[in-house]
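Student: Got a predicted model here, sequence first, then my questions.
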Amino acid sequence: MLDDNLKDDIEFSVVVALGSNLFDPPGQILAAIDRLRSQFNTSFRASSVYRTAPISMQDASEDFANAVVTFKTSRAAPELLATLQAMEADSGRLGQHGRNKARVLDLDIIAYGDIMLDSDELQIPHPRAHQRQFVMVPLAEICPNFRFAGRDQSLQELMAQASVARVEKWL
């Protein structure tokens, strides 16, 4: 067990996926990247913005803009989740938007160090990220040697197994 005074000094490498398909999706993603960089500038890296086809959407949907960022933080995972949800709300996202629906901004914690967490509020690593080209392609751009906690396959192996979807560099 860590001494409570030391917990705040430990930094974890975090991967966050960004997505938007409403109200200028590329602009939404670039603005979110800037906001994240201003709050989490330690070892901050951002992928290009990718244009991706919507997958299993419940409503007629425009293409998504997607990106991935990585950074280091000493914030606990639930605190980071709350920060990301506040950013989503500030962008105009409704709190209970429903799964596979159009959205102004979606920010998902994909990985938080080597931690594995499964709670009602948060699952880390993200349970479907390894199946999604729109997460793995931008992630491979900035972290080609990334491995999901609890998985033996490389990012390239997982990308080859994932369902193929249109993912093309947008910006």
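Tutor: Received the coordinates, thanks.

Student: Out of the helices and strands in this structure, which is least certain?
Tutor: helix 4-7 (a mean of 43; mean pLDDT, DSSP states H and E).

Student: any idea which helix or strand comes after that one?
Tutor: The first helix or strand that comes after helix 4-7 along the chain, using DSSP states H and E, is strand 12-20.

Student: Given that following strand, what are its sheet partners and their directions?
Tutor: strand 64-73 (antiparallel), strand 106-112 (antiparallel) (DSSP bridges).

Student: And for the helix or strand that it is followed by, what's in contact with it?
Tutor: Sequence-wise, the next helix or strand downstream of strand 12-20 (DSSP H and E) is helix 25-39. Applying Cβ atoms under 8 Å, 6 or more residues apart in numbering, the contact partners of helix 25-39 are 16, 18-20, 22, 44, 46, 49, 62-67, 69, 71, 83, 87, 91, 104-105, 107, 170-171. Where you see a C-beta, it was placed from the backbone N, CA and C, and this is true even at glycine.

Student: Would you mind extracting the C-alpha trace of helix 25-39 into CSV?
Tutor: Output of helix 25-39 as CSV, limited to C-alpha atoms (Å, rounded to 0.1, in the frame of the first residue of the first chain):
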residue,chain,number,x,y,z
PRO,A,25,-16.2,17.5,-36.0
PRO,A,26,-12.6,18.3,-36.9
GLY,A,27,-12.9,21.6,-35.1
GLN,A,28,-14.4,19.9,-32.0
ILE,A,29,-11.5,17.5,-31.9
LEU,A,30,-8.8,20.2,-32.4
ALA,A,31,-10.4,22.3,-29.7
ALA,A,32,-10.5,19.3,-27.3
ILE,A,33,-6.9,18.5,-28.0
ASP,A,34,-5.9,22.1,-27.1
ARG,A,35,-7.9,21.9,-23.9
LEU,A,36,-6.4,18.6,-22.9
ARG,A,37,-2.9,19.9,-23.8
SER,A,38,-3.4,22.9,-21.5
GLN,A,39,-4.4,20.7,-18.6
